[in-house]
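Peer 1: Build me a model:
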Amino acid sequence: MILLDPSARPIVGHRGNREHAPENTIPSLLEAVALGVDAVEFDLHVTRDGVLVLMHDTTLDRTTDARGPLAARSLAELREVDAGARFTRDGRTFPWRGRGVGIPTFDEVVEALPRDLPLIIELKTPAAAPFLREAIARHALGGRIIVAGFDAACTSPLRGCGFALGASTPDMVDILLPSLLRRRLRAPVFQAMCIPPVYHGIPVPIAALARAVRPHGVATHIWTVNEPAHALKLWRRGVNGIISDDPGAILSAREGRYPSV
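Peer 2: Sure thing, here's the model as predicted:
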């Protein structure tokens, strides 16, 4: 899989084509696919009645026309929510409002996307883990996914289930000092790092971390990178994947600098 290939430079659509379409929706994901991304990334929560759905926040307020916690709603209730209502690029116009863009279920997304497309799936709540494990088996997705989550409680129950896991925040804390001191790491319990350039205002030592995990075959993917020059700099520092809100711009930069990729 390209997301775990140590020589690859994959470009990943962050929540789809988020700069140009409502995040974590099927139209956004399909726009990213049409651009030619190597993978897409999206976030999962779980409804009151135990259905996996795509949403980043715990509440509906920021991206939809509804308010309140997502986990308090059933899937039937979420079917009435407009997931394109608040998307805007200029702060004044809302081109996706009222166009019938809904909050998709995980199953719907898997069916809508190409069957060989790699996925980075971020769990936003530990409650989603058992439902995701079952869905991965049902769709036979194990060979083309990375499951990530800041909270170790999201990913630790999924160890040994036959698919790649991303490093949690505690995992990253454990390897930070040894990486900076250039000490050899013990074999990590994760297969990929999906990390930001800056965390709570503190620059992340990306080059040191990527160098430290490389001997263990761990891939490094950086979010969220929207400037082509930044992406090229990260690739020179040993990063594998670029996770971008504007993957079209990053694809153009990669083609210009690494045309054989």
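
Peer 1: Output stretch 242-261 as CSV, nothing but the C-alphas.
Peer 2: Output in CSV follows, covering the C-alpha atoms of stretch 242-261 (Å, rounded to 0.1, in the frame of the first residue of the first chain):
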residue,chain,number,x,y,z
ILE,A,242,1.2,15.2,2.6
ILE,A,243,-2.3,15.5,3.9
SER,A,244,-3.9,18.6,2.4
ASP,A,245,-7.1,20.6,2.3
ASP,A,246,-6.1,21.6,-1.2
PRO,A,247,-4.7,18.4,-2.7
GLY,A,248,-4.9,19.8,-6.3
ALA,A,249,-2.2,22.4,-5.5
ILE,A,250,0.1,19.8,-3.9
LEU,A,251,-0.4,17.4,-6.7
SER,A,252,0.8,20.0,-9.2
ALA,A,253,3.9,20.7,-7.0
ARG,A,254,4.8,17.1,-6.8
GLU,A,255,4.4,16.6,-10.5
GLY,A,256,6.8,19.5,-11.1
ARG,A,257,9.4,18.4,-8.6
TYR,A,258,9.0,14.6,-8.7
PRO,A,259,7.5,13.8,-12.1
SER,A,260,8.2,10.0,-11.8
VAL,A,261,6.2,9.5,-8.6
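
Peer 1: Could you pull out the buried residues of it?
Peer 2: Neighbour-count burial for stretch 242-261 flags 242-251, 253-254 (criterion: 16 or more other Cβ atoms under 10 Å). From N, CA and C alone the C-beta is placed, and that goes for glycine too.

Peer 1: Out of those, flag the one nearest to residue 44.
Peer 2: Closest approach between the buried residues of stretch 242-261 and residue 44, by Cβ to Cβ: residue 243, at 16.0 Å.

Peer 1: so is that closest one in a helix, a strand, or just coil?
Peer 2: strand (DSSP: H, G, I helix; E, B strand; the rest coil).

Peer 1: which residues sit in contact with residue 224?
Peer 2: 14, 196, 243-245 (Cβ atoms under 8 Å, 6 or more residues apart in numbering).

Peer 1: Surely residue 218 touches residue 189?
Peer 2: No: contact criterion Cβ atoms under 8 Å: residue 218 and residue 189 do not qualify, at 10.3 Å.

Peer 1: that older thread, tell me the one of the buried residues of stretch 242-261 nearest residue 41?
Peer 2: residue 243 (5.6 Å).

Peer 1: Look up the closest residue to the closest one, ignoring the ones flanking it.
Peer 2: Spatial nearest neighbour of residue 243, chain neighbours left out: residue 223 (3.7 Å); criterion: Cβ to Cβ, 6 or more residues apart in numbering.
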